[in-house]
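Asks: Compute the structure for the input listed below.
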Amino acid sequence: MRATFARRSRRVNSLLPNYIIATALALFTLLPLLSLVFNSLKSSAEIGQNPMGLPRVVHWANYVDAWNQAHFSVTMRNSFILTFGSIIGVVIISGLAAYALGRLNMPGADIITLCILVGTSMPMQLFMVPLFFLWSRLGLTDKLIGVIIIYWATMSPFATFLLRSYMVSIPKDFEDAARVDGASELQVLSNIIVPISMPGFLTVALVTGLSAWNEFLLAVTFLHRDDVKPISTALYAFQTRYARDWGLTSTAAVIMALPVVVLFLLLQRQFIEGLTQGGLKA
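Replies: Next up, the predicted model:
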């Protein structure tokens, strides 16, 4: 009995630094979120007097006012369209590109991979002005599909690298057996590679969805009409020329973050598995 207690004590002592660090990181992450939730239930005057504490008077009406004032019924719909459109396109583009680079022994695959890597290292701001003039001539400004196409181009490189790290580790025996049975390359990809790489595809979908939902710079640059603005631009609704309603701003931030939090909680296991396995298999 004493030996068992001693072993448990040594184990707890050895893990104590890990618990301390994990607790500190959790507090560092959760305290700002809790402060945001508390502020969403306060008036702007109370936020100025008590920015970190619990609300003295709970203002549930903030959520109704923020929803109506920021037109969340419209902006949230537009964000869902942008998010799902981006996910579908990025998954298809990156899946085909990763299969070509990782499984087909394509000539010049290493050079193409290097070019993709160099392209991802450049900031988007370098292309904003010429891209805006090009999109204006093509009639793609103030259209959701115009922004979705840009998201496809900016998010597909990382997704391609992630999926390629999955596909290069798959044994070729599966493909060879399918080809012997007369399967085409598209059938090999859809019936063998995609099911095996499904954690990677789920991770790509989650990362793409979070990026498209939270993206602001491209949305505010290419979408100007109120009926096409996404949820990331909704915080402008609470700003006047000389002031900002911080109570409604905090409420709007909570409304914006809620779908993302729910999605991540539902898919966190697949997300973590996809990132760790993809890194180990690269």
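Asks: Could you measure from Thr221 over to Met128?
Replies: Separation of Thr221 from Met128 (C-beta to C-beta, to the nearest Å): 6 Å. No exception for glycine: its C-beta is placed from N, CA and C like everyone else's.
Asks: Leu25 now?
Replies: Leu25 is 35 Å from Met128, where distance means C-beta to C-beta.
Asks: between those two, who's got more neighbours?
Replies: Higher neighbour count among Leu25 and Met128: Met128, with 14 against 10, using other C-beta atoms under 10 Å.
Asks: any low-confidence regions in the chain?
Replies: Counting by pLDDT under 70, the chain contains low-confidence residues at 1-15, 268, 270-282.
Asks: the domain parsing of it - what is it?
Replies: The chain breaks down into these domains under automatic domain parsing: 2-39, 61-281.
Asks: okay, the ones you listed, which one's buried deepest?
Replies: Counting by mean count of other C-beta atoms under 10 Å, domain 61-281 has the highest mean neighbour count of the domains of the chain, with a mean of 17.
Asks: Run the chain-centre distance for the helix or strand containing Val207.
Replies: Per DSSP states H and E: Val207 is located in helix 198-214. Centre-to-centre, helix 198-214 and its host chain are 6 Å apart (C-alpha atoms, centre = their mean, to the nearest Å).
Asks: Now do the next helix-or-strand element following it: which elements does it pack against?
Replies: Downstream of helix 198-214, the next assigned helix or strand under DSSP H and E is helix 217-222. With contacts taken as 3 or more C-beta pairs under 8 Å, 6 or more residues apart in numbering; DSSP states H and E, helix 217-222 sits against helix 128-138, helix 144-167.
Asks: any idea which helix or strand comes after the longest one?
Replies: Tracing the chain C-terminally past helix 144-167 and defining elements by DSSP H and E, one meets helix 172-180 next.
Asks: Which strands or helices does whichever helix or strand comes after that following helix pack on?
Replies: The helix or strand immediately downstream of helix 172-180 is helix 185-188, counting by DSSP H and E. Secondary-structure packing of helix 185-188 (3+ C-beta pairs under 8 Å, 6+ apart): helix 172-180.
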